[in-house]
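*Asks:* Return atomic coordinates for the entry below.
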Amino acid sequence: MKLLALPAFSDNYIWLLHDKGRAVVVDPGQAQPVLDALEREHLQLEAILITHHHADHVGGVQSLREQTAAKVYGPERETMPEPLARLHAGDGVQALGLEFRVIDVPGHTAGHIAYFCAAPAGLDPILFCGDTLFSGGCGRLFEGTPEQMLASLDALAALPPATQVCCAHEYTLSNLKFARAVEPGNADLTRYIAHCEDLRSRNVPTLPSHISLELQINPFLRTRVPAVIAAAERIDPSARGPSGHLAALRQWKNQF
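*Replies:* Next up is the predicted model:
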């Protein structure tokens, strides 16, 4: 089983998981990077998994469906390129001999979902989380509320610590610059920044991350940590409780 991050647009990643000539792709905003990878690796595309409706995640779906006959799966409550199988929390997608469990993660969009695979052969567990959780950050609240995003992030944070976090953008260094402003004394964060700066200097993706790491360095998963609470309340003295602190952090990040 192999996991590939296919660059698309300026900073997107389309995730490709493949084994024994068959492949699954996640959030193909463009078709060509996927088609090139399928040809290069001699793969047949079996399934397309979509996390949410934004164009940079669905733009290549129609072309891929037409050229590969892959089955498309996506969120139940969002406008999607038809036809597709619609999914909500607790559903499972069977592909590559694996099960991808669906988790509802509203916040970035109203119907955003994520896919979790507990036991891919030879790999750590995998989470395809779209634009909900980033390394060092989280998605903007375009359609959801801070309460929804907090619940979504809590659900992802509860996954096994070894879970690979496969998010859809190379936002890591920007997110970590903000995280350092929130927690300048976080030694784990300082080490991770140096690691990611080295990766990017060599044009290597910073992803996937891991849940265990994000719990150490991501302020949006650390809204119950005293240093993060204090930082949020400095920005918004009225902020109270984890969702209020998340809202304050997200607004700060929007303007950072």
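*Asks:* Count the residues that sit near residue 34.
*Replies:* 27 (other Cβ atoms under 10 Å). To be clear about C-beta, it is placed using only N, CA and C from the backbone, and glycine gets the same treatment.
*Asks:* Next up, phi/psi of residue 11, please.
*Replies:* phi -150, psi 20 (degrees, to the nearest 10).
*Asks:* I'd like to know how many residues surround the residue nearest to it when sequence neighbours are not counted.
*Replies:* Using Cβ to Cβ, 6 or more residues apart in numbering and skipping residues adjacent in sequence, the residue nearest residue 11 is residue 170, 4.6 Å away. When neighbours are counted by other Cβ under 10 Å, residue 170 registers 20.
*Asks:* residues contacting residue 170?
*Replies:* 7, 11-13, 205-207 (Cβ atoms under 8 Å, 6 or more residues apart in numbering).
*Asks:* And the host helix or strand of residue 102, what does it pack against?
*Replies:* Here residue 102, judged by DSSP states H and E, is contained in strand 98-104. Where contact means 3 or more Cβ pairs under 8 Å, 6 or more residues apart in numbering; DSSP states H and E, strand 98-104 is packed against strand 92-95, strand 113-117, helix 146-157.
*Asks:* what does the last one contact?
*Replies:* Counting by Cβ under 8 Å, 6+ apart, helix 146-157 makes contact with 103-108, 112, 114, 127, 129, 132-133, 138-139, 141, 144, 165, 211, 214-215, 220-221, 223, 242-244, 246-247, 250, all of which sit outside it.
*Asks:* For that helix, buried residues please.
*Replies:* Neighbour counts over helix 146-157 (16 or more other Cβ atoms under 10 Å) mark 146-153, 155-157 as buried.
*Asks:* Return the distance of that helix from the chain's centre.
*Replies:* Helix 146-157 has its C-alpha centroid displaced from the chain centroid by 13 Å (Cα atoms, centre = their mean, to the nearest Å).
*Asks:* how near is the spatially most central residue of the chain to residue 5?
*Replies:* Geometric centre of the chain, nearest residue: residue 167, 2.6 Å, by Cα atoms, centre = their mean. Separation of residue 167 from residue 5 (Cβ to Cβ, to the nearest Å): 10 Å.
*Asks:* rewinding a little: are any of the contacts of residue 170 buried, and if so which?
*Replies:* 12-13, 206-207.
*Asks:* Identify the farthest-apart pair in those.
*Replies:* Taking Cβ to Cβ, the two most distant members of these are 12 and 206; they sit 13.7 Å apart.
*Asks:* Identify the contacts common to residue 167 and residue 5.
*Replies:* With Cβ under 8 Å, 6+ apart as the test, residue 167 and residue 5 both reach 13, 207.
*Asks:* Relative to residue 225, how far out is residue 216?
*Replies:* To residue 225, residue 216 is 10 Å away according to Cβ to Cβ.
*Asks:* could you dump the helices and strands packed on strand 98-104 to CSV with distance to residue 233?
*Replies:* Listed next are the helices and strands packed on strand 98-104 as CSV, based on distance: least, Cβ to Cβ, whole Å:
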stretch, distance to residue 233
strand 92-95, 41
strand 113-117, 30
helix 146-157, 15
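*Asks:* Quick one: neighbours of residue 45, just the number.
*Replies:* Residue 45 - counted by other Cβ under 10 Å - has 24 other residues nearby.
*Asks:* now for whatever helix or strand it lives in, which elements pack on it?
*Replies:* For residue 45, the enclosing helix or strand under DSSP H and E is strand 44-49. Helices and strands in packing contact with strand 44-49 are listed as strand 22-26, helix 32-41, helix 61-68, strand 71-75, strand 92-95; criterion 3+ Cβ pairs under 8 Å, 6+ apart.
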